[in-house]
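Engineer: below: sequence and its predicted model.
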Amino acid sequence: DEARRQNSRVVTYQADAYADPSLNLALMSEMRRGLHAGDLSLHYQSKVSTADGEVHGVEALIRWKHPSRGNIPPDSFIGIAEETGNIRELTEWTLARALEDRATLSAAGHDVIVSVNISGRLLADRSFCDHVQAMVASRDHGLCLEITETAVIENPTAATASIAAFRAAGLKVSIDDYGVGLSSLSYLKMLHADELKIDKSLVVAVAESQRDRLILKSTIDLAHSLGMSVVAEGVETAEVQAALALLGCDAIQGYLISRPVPLTDLTDFLTGWGQNPRRAAVG
Ligand code: C2E
Ligand code: MG
Ligand code: MG
Ligand code: MG
(Lines give C-alpha, C1' and ligand atoms only; values in the text may rest on other atoms or scores of the structure.)
(Ligands and ions follow the chains in the order given, each with its own letter.)
Protein backbone atom coordinates (compact mmCIF):
# COMPACT_ATOMS: atom_id res chain seq x y z
CA ASP A 1 0.00 0.00 0.00
CA GLU A 2 0.90 3.67 -0.15
CA ALA A 3 2.19 3.89 3.43
CA ARG A 4 4.46 0.92 2.97
CA ARG A 5 5.74 2.26 -0.34
CA GLN A 6 6.62 5.56 1.33
CA ASN A 7 8.26 3.72 4.14
CA SER A 8 10.44 1.67 1.87
CA ARG A 9 11.58 4.82 0.05
CA VAL A 10 12.82 6.25 3.33
CA VAL A 11 14.69 3.02 4.01
CA THR A 12 16.14 3.18 0.51
CA TYR A 13 17.49 6.64 1.21
CA GLN A 14 19.11 5.40 4.39
CA ALA A 15 20.73 2.41 2.73
CA ASP A 16 21.93 4.41 -0.25
CA ALA A 17 23.28 7.36 1.72
CA TYR A 18 26.36 8.71 -0.08
CA ALA A 19 26.02 6.00 -2.73
CA ASP A 20 23.93 7.86 -5.27
CA PRO A 21 24.87 11.56 -5.47
CA SER A 22 21.84 12.47 -7.59
CA LEU A 23 19.48 10.90 -5.06
CA ASN A 24 21.25 12.77 -2.26
CA LEU A 25 21.00 16.08 -4.08
CA ALA A 26 17.31 15.50 -4.75
CA LEU A 27 16.76 14.81 -1.04
CA MET A 28 18.68 17.96 -0.13
CA SER A 29 16.64 20.17 -2.42
CA GLU A 30 13.52 18.69 -0.82
CA MET A 31 15.00 19.41 2.59
CA ARG A 32 15.66 23.05 1.71
CA ARG A 33 12.14 23.36 0.37
CA GLY A 34 10.87 21.69 3.56
CA LEU A 35 12.78 24.20 5.70
CA HIS A 36 10.94 27.06 4.02
CA ALA A 37 7.59 25.25 3.96
CA GLY A 38 7.71 24.53 7.70
CA ASP A 39 8.01 20.75 7.33
CA LEU A 40 11.00 20.66 9.66
CA SER A 41 10.63 21.26 13.37
CA LEU A 42 12.40 20.72 16.66
CA HIS A 43 11.40 18.32 19.38
CA TYR A 44 12.85 18.60 22.88
CA GLN A 45 14.02 15.94 25.30
CA SER A 46 14.64 16.80 28.95
CA LYS A 47 17.83 16.11 30.90
CA VAL A 48 17.21 15.47 34.60
CA SER A 49 19.75 16.07 37.36
CA THR A 50 20.37 13.03 39.60
CA ALA A 51 21.23 15.38 42.49
CA ASP A 52 17.94 17.28 42.79
CA GLY A 53 15.61 15.72 40.22
CA GLU A 54 15.26 19.03 38.38
CA VAL A 55 15.25 19.53 34.63
CA HIS A 56 18.20 21.84 34.02
CA GLY A 57 18.39 21.34 30.30
CA VAL A 58 16.65 20.10 27.18
CA GLU A 59 18.08 18.83 23.89
CA ALA A 60 16.71 19.96 20.54
CA LEU A 61 16.29 17.10 18.05
CA ILE A 62 15.31 17.83 14.49
CA ARG A 63 12.20 16.29 12.92
CA TRP A 64 11.23 16.26 9.24
CA LYS A 65 7.66 15.52 8.28
CA HIS A 66 7.83 15.10 4.52
CA PRO A 67 4.50 15.90 2.80
CA SER A 68 4.43 12.62 0.84
CA ARG A 69 7.08 10.41 2.47
CA GLY A 70 6.10 10.90 6.07
CA ASN A 71 8.64 11.21 8.87
CA ILE A 72 12.28 11.07 7.78
CA PRO A 73 14.56 10.40 10.77
CA PRO A 74 17.61 12.68 11.28
CA ASP A 75 20.03 9.78 10.89
CA SER A 76 18.91 9.46 7.26
CA PHE A 77 19.56 13.07 6.22
CA ILE A 78 22.12 14.67 8.59
CA GLY A 79 24.98 12.63 7.12
CA ILE A 80 23.92 13.56 3.60
CA ALA A 81 23.64 17.23 4.59
CA GLU A 82 27.24 17.00 5.85
CA GLU A 83 28.45 15.38 2.64
CA THR A 84 26.70 17.86 0.35
CA GLY A 85 27.52 21.02 2.29
CA ASN A 86 23.91 21.66 3.37
CA ILE A 87 24.63 21.12 7.05
CA ARG A 88 25.46 24.77 7.65
CA GLU A 89 22.09 26.08 6.48
CA LEU A 90 20.31 23.37 8.46
CA THR A 91 22.29 24.08 11.62
CA GLU A 92 21.80 27.84 11.40
CA TRP A 93 18.06 27.26 11.07
CA THR A 94 18.14 24.92 14.09
CA LEU A 95 20.08 27.41 16.21
CA ALA A 96 17.71 30.26 15.37
CA ARG A 97 14.67 28.10 16.20
CA ALA A 98 16.23 26.88 19.44
CA LEU A 99 17.00 30.45 20.55
CA GLU A 100 13.39 31.48 19.89
CA ASP A 101 12.03 28.45 21.71
CA ARG A 102 14.31 29.07 24.64
CA ALA A 103 12.95 32.61 24.93
CA THR A 104 9.40 31.17 24.88
CA LEU A 105 10.27 28.71 27.64
CA SER A 106 11.94 31.42 29.67
CA ALA A 107 8.86 33.65 29.38
CA ALA A 108 6.78 30.72 30.68
CA GLY A 109 9.05 30.51 33.74
CA HIS A 110 11.19 27.60 32.60
CA ASP A 111 14.84 28.56 32.68
CA VAL A 112 16.56 25.68 31.00
CA ILE A 113 19.73 25.33 28.97
CA VAL A 114 18.86 24.39 25.40
CA SER A 115 21.30 22.03 23.68
CA VAL A 116 21.69 21.94 19.91
CA ASN A 117 23.54 19.20 18.02
CA ILE A 118 26.40 20.47 15.90
CA SER A 119 28.26 18.42 13.35
CA GLY A 120 31.96 18.32 14.24
CA ARG A 121 32.67 19.16 10.64
CA LEU A 122 31.28 22.69 11.10
CA LEU A 123 33.93 23.48 13.69
CA ALA A 124 36.44 23.88 10.87
CA ASP A 125 34.20 26.51 9.21
CA ARG A 126 35.38 29.86 10.55
CA SER A 127 32.51 31.88 9.13
CA PHE A 128 29.98 29.47 10.69
CA CYS A 129 31.64 29.89 14.08
CA ASP A 130 31.64 33.68 13.69
CA HIS A 131 27.94 33.51 12.78
CA VAL A 132 27.14 31.53 15.94
CA GLN A 133 29.02 33.98 18.12
CA ALA A 134 27.17 36.88 16.51
CA MET A 135 23.85 35.12 17.09
CA VAL A 136 24.40 34.81 20.83
CA ALA A 137 26.26 38.07 21.36
CA SER A 138 24.78 40.32 24.05
CA ARG A 139 21.80 38.14 24.85
CA ASP A 140 20.94 35.74 27.62
CA HIS A 141 21.08 32.78 25.29
CA GLY A 142 21.43 29.75 27.59
CA LEU A 143 22.68 27.64 24.72
CA CYS A 144 24.79 24.48 24.76
CA LEU A 145 26.37 22.96 21.66
CA GLU A 146 26.49 19.17 21.54
CA ILE A 147 29.40 18.26 19.35
CA THR A 148 28.88 14.99 17.54
CA GLU A 149 30.88 13.06 15.02
CA THR A 150 34.53 12.09 15.17
CA ALA A 151 35.04 14.44 12.19
CA VAL A 152 36.52 16.67 14.89
CA ILE A 153 39.55 14.40 14.79
CA GLU A 154 40.10 15.28 11.12
CA ASN A 155 40.91 18.85 12.05
CA PRO A 156 41.75 18.98 15.76
CA THR A 157 43.43 22.38 15.60
CA ALA A 158 40.38 24.09 14.13
CA ALA A 159 38.02 22.18 16.44
CA THR A 160 39.84 23.08 19.65
CA ALA A 161 40.09 26.72 18.57
CA SER A 162 36.36 26.89 17.75
CA ILE A 163 35.38 25.24 21.02
CA ALA A 164 37.55 27.67 22.98
CA ALA A 165 35.96 30.60 21.10
CA PHE A 166 32.43 29.29 21.78
CA ARG A 167 33.14 28.91 25.48
CA ALA A 168 34.69 32.36 25.62
CA ALA A 169 31.41 33.66 24.13
CA GLY A 170 29.51 32.02 27.01
CA LEU A 171 28.25 28.97 25.16
CA LYS A 172 28.37 25.61 26.89
CA VAL A 173 29.96 22.75 24.98
CA SER A 174 29.07 19.08 25.31
CA ILE A 175 30.87 16.06 23.85
CA ASP A 176 28.09 13.84 22.47
CA ASP A 177 27.94 10.06 22.00
CA TYR A 178 31.05 9.50 24.08
CA GLY A 179 32.41 6.00 24.05
CA VAL A 180 31.48 4.88 20.55
CA GLY A 181 34.61 5.95 18.65
CA LEU A 182 38.01 4.37 19.03
CA SER A 183 39.72 7.62 19.90
CA SER A 184 37.66 8.49 22.97
CA LEU A 185 40.56 9.11 25.33
CA SER A 186 42.51 11.33 22.95
CA TYR A 187 39.24 13.15 22.34
CA LEU A 188 38.96 13.95 26.05
CA LYS A 189 42.53 15.09 26.26
CA MET A 190 42.10 17.40 23.30
CA LEU A 191 38.67 18.96 23.82
CA HIS A 192 37.96 21.22 26.75
CA ALA A 193 34.22 20.95 27.28
CA ASP A 194 31.59 21.49 29.97
CA GLU A 195 29.70 18.26 29.58
CA LEU A 196 30.32 14.67 28.56
CA LYS A 197 27.40 12.67 27.16
CA ILE A 198 27.74 8.93 27.44
CA ASP A 199 26.40 7.09 24.41
CA LYS A 200 23.35 4.92 24.94
CA SER A 201 25.22 1.76 23.93
CA LEU A 202 27.44 2.18 27.01
CA VAL A 203 24.54 3.28 29.17
CA VAL A 204 22.50 0.15 28.48
CA ALA A 205 25.52 -2.00 29.32
CA VAL A 206 25.77 -0.80 32.95
CA ALA A 207 22.79 -2.88 33.98
CA GLU A 208 24.39 -5.96 32.46
CA SER A 209 28.06 -6.15 33.27
CA GLN A 210 30.42 -5.28 36.10
CA ARG A 211 33.23 -4.55 33.61
CA ASP A 212 31.07 -1.91 31.90
CA ARG A 213 30.22 -0.41 35.27
CA LEU A 214 33.92 -0.17 36.14
CA ILE A 215 34.77 1.45 32.80
CA LEU A 216 31.94 3.93 33.16
CA LYS A 217 32.91 4.68 36.78
CA SER A 218 36.47 5.59 35.80
CA THR A 219 35.17 7.64 32.83
CA ILE A 220 32.86 9.61 35.11
CA ASP A 221 35.66 10.19 37.65
CA LEU A 222 38.00 11.31 34.87
CA ALA A 223 35.39 13.68 33.42
CA HIS A 224 34.80 15.15 36.88
CA SER A 225 38.50 15.69 37.46
CA LEU A 226 38.63 17.49 34.09
CA GLY A 227 35.80 19.76 35.27
CA MET A 228 33.03 18.22 33.16
CA SER A 229 29.58 17.11 34.22
CA VAL A 230 28.35 13.76 32.93
CA VAL A 231 25.02 13.04 31.24
CA ALA A 232 23.81 9.56 30.27
CA GLU A 233 21.65 9.30 27.14
CA GLY A 234 19.18 6.54 26.28
CA VAL A 235 18.10 5.71 29.83
CA GLU A 236 15.03 3.51 29.44
CA THR A 237 14.75 1.62 32.72
CA ALA A 238 14.77 2.37 36.45
CA GLU A 239 17.46 -0.28 36.83
CA VAL A 240 19.87 1.59 34.52
CA GLN A 241 18.99 4.88 36.19
CA ALA A 242 19.80 3.47 39.65
CA ALA A 243 23.11 2.04 38.45
CA LEU A 244 24.07 5.40 36.90
CA ALA A 245 23.23 7.31 40.07
CA LEU A 246 25.52 4.96 42.06
CA LEU A 247 28.35 5.62 39.60
CA GLY A 248 28.07 9.38 40.15
CA CYS A 249 26.46 10.34 36.85
CA ASP A 250 25.18 13.94 37.08
CA ALA A 251 22.15 13.78 34.81
CA ILE A 252 20.09 11.33 32.83
CA GLN A 253 18.10 11.57 29.62
CA GLY A 254 15.94 8.96 27.99
CA TYR A 255 12.51 7.47 27.47
CA LEU A 256 12.33 6.69 31.23
CA ILE A 257 11.95 10.46 31.76
CA SER A 258 10.42 11.56 28.47
CA ARG A 259 10.57 11.08 24.73
CA PRO A 260 11.52 14.08 22.60
CA VAL A 261 8.32 16.21 22.32
CA PRO A 262 7.17 19.39 20.53
CA LEU A 263 7.61 22.71 22.36
CA THR A 264 4.00 22.97 23.59
CA ASP A 265 4.18 19.47 25.08
CA LEU A 266 7.54 20.32 26.63
CA THR A 267 6.03 23.34 28.37
CA ASP A 268 3.27 21.12 29.80
CA PHE A 269 5.82 18.49 30.81
CA LEU A 270 8.03 21.05 32.61
CA THR A 271 5.03 22.59 34.36
CA GLY A 272 3.88 19.19 35.61
CA TRP A 273 7.33 17.82 36.43
CA GLY A 274 7.18 18.74 40.14
CA GLN A 275 4.14 16.45 40.55
CA ASN A 276 5.33 13.79 38.12
CA PRO A 277 5.77 10.39 39.85
CA ARG A 278 8.92 9.80 37.79
CA ARG A 279 10.51 12.76 39.50
CA ALA A 280 10.22 11.17 42.92
CA ALA A 281 11.87 8.07 41.48
CA VAL A 282 14.87 10.03 40.18
CA GLY A 283 15.59 12.86 42.62
P1 C2E B 1 21.96 12.20 19.56
O2 C2E B 1 22.28 13.65 19.62
O3 C2E B 1 22.90 11.29 20.25
O4 C2E B 1 20.48 12.07 20.14
C5 C2E B 1 20.00 10.95 20.83
C6 C2E B 1 19.08 10.10 19.99
O7 C2E B 1 18.59 9.03 20.80
C8 C2E B 1 17.85 10.80 19.47
O9 C2E B 1 17.50 10.20 18.22
C10 C2E B 1 16.80 10.48 20.52
O11 C2E B 1 15.47 10.58 20.06
C12 C2E B 1 17.16 9.07 20.86
N13 C2E B 1 16.79 8.68 22.22
C14 C2E B 1 16.57 9.49 23.28
N15 C2E B 1 16.24 8.78 24.39
C16 C2E B 1 16.27 7.48 24.02
C17 C2E B 1 16.03 6.25 24.74
O18 C2E B 1 15.75 6.22 25.93
N19 C2E B 1 16.16 5.11 24.02
C20 C2E B 1 16.49 5.11 22.70
N21 C2E B 1 16.58 3.93 22.08
N22 C2E B 1 16.72 6.24 21.99
C23 C2E B 1 16.62 7.42 22.65
P24 C2E B 1 17.10 11.07 16.97
O25 C2E B 1 16.20 12.20 17.38
O26 C2E B 1 16.59 10.12 15.92
O27 C2E B 1 18.46 11.71 16.51
C28 C2E B 1 19.50 10.90 16.05
C29 C2E B 1 20.77 11.69 15.87
O30 C2E B 1 20.62 12.66 14.82
C31 C2E B 1 21.17 12.50 17.10
O32 C2E B 1 21.84 11.70 18.03
C33 C2E B 1 22.06 13.56 16.48
O34 C2E B 1 23.37 13.07 16.30
C35 C2E B 1 21.42 13.76 15.12
N36 C2E B 1 20.61 14.99 15.15
C37 C2E B 1 19.34 15.19 15.58
N38 C2E B 1 18.97 16.48 15.43
C39 C2E B 1 20.04 17.13 14.90
C40 C2E B 1 20.30 18.49 14.53
O41 C2E B 1 19.49 19.41 14.69
N42 C2E B 1 21.54 18.75 13.99
C43 C2E B 1 22.50 17.80 13.84
N44 C2E B 1 23.70 18.13 13.30
N45 C2E B 1 22.30 16.51 14.20
C46 C2E B 1 21.08 16.18 14.73
MG1 MG C 1 22.90 14.97 21.05
MG1 MG D 1 24.03 11.56 21.85
MG1 MG E 1 23.55 9.21 19.86
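Structural biologist: Happy to help now that I have it. Ligands and ions are numbered 1, 2, ... in the order given.

Engineer: now the strands for the stretch 101-250 of the chain?
Structural biologist: Assigned by DSSP state E, counting those that start in this stretch, the stretch 101-250 of the chain shows strands spanning 113-119, 143-148, 172-178, 195-198, 229-232.

Engineer: ok, residues contacting the last one?
Structural biologist: The one in question is strand 229-232. By Cβ atoms under 8 Å, 6 or more residues apart in numbering, the residues outside strand 229-232 that reach it are 47, 174, 194-198, 203, 219-220, 223-224, 240, 244, 248-254. In this view, the C-beta of every residue, glycine as well, is placed from N, C-alpha and C.

Engineer: who in the protein is up against ligand 2?
Structural biologist: 117, 146, 176 (Cβ under 5 Å from the ion).

Engineer: same thing but at 8 Å, please
Structural biologist: Proximity of the chain to ligand 2 (Cβ under 8 Å from the ion) is limited to residues 59, 61, 115, 117, 146, 148, 174, 176, 177, 197, 233.

Engineer: which of those come close to ligand 1?
Structural biologist: The residues of the residues of the chain next to ligand 2 that also fall near ligand 1, by Cβ under 6 Å from any ligand atom, are 61, 117, 146, 148, 176, 177, 233.

Engineer: once you drop chain neighbours, what's closest to the fourth one?
Structural biologist: What that stands for is residue 148. Leaving aside its sequence neighbours, residue 148 sits nearest to residue 176 (Cβ to Cβ, 6 or more residues apart in numbering; 4.4 Å).

Engineer: ok, that neighbour - how many residues close by?
Structural biologist: As a burial measure, residue 176 scores 23 neighbours (other Cβ atoms under 10 Å).

Engineer: okay, and the helix or strand of the chain with the least pLDDT?
Structural biologist: Ranking every helix and strand in the chain by mean pLDDT, DSSP states H and E puts helix 2-15 at the bottom, with a mean of 48.

Engineer: tell me the helix or strand right after it.
Structural biologist: As assigned by DSSP states H and E, the chain's next helix or strand after helix 2-15 is helix 21-37.

Engineer: can you tell me if the helix or strand just after that next one touches ligand 3.
Structural biologist: Next helix or strand after helix 21-37 toward the C-terminus (DSSP H and E): strand 40-49. No: residues of strand 40-49 contacting ligand 3 under Cβ under 8 Å from the ion: none, with a closest distance of 10.2 Å.
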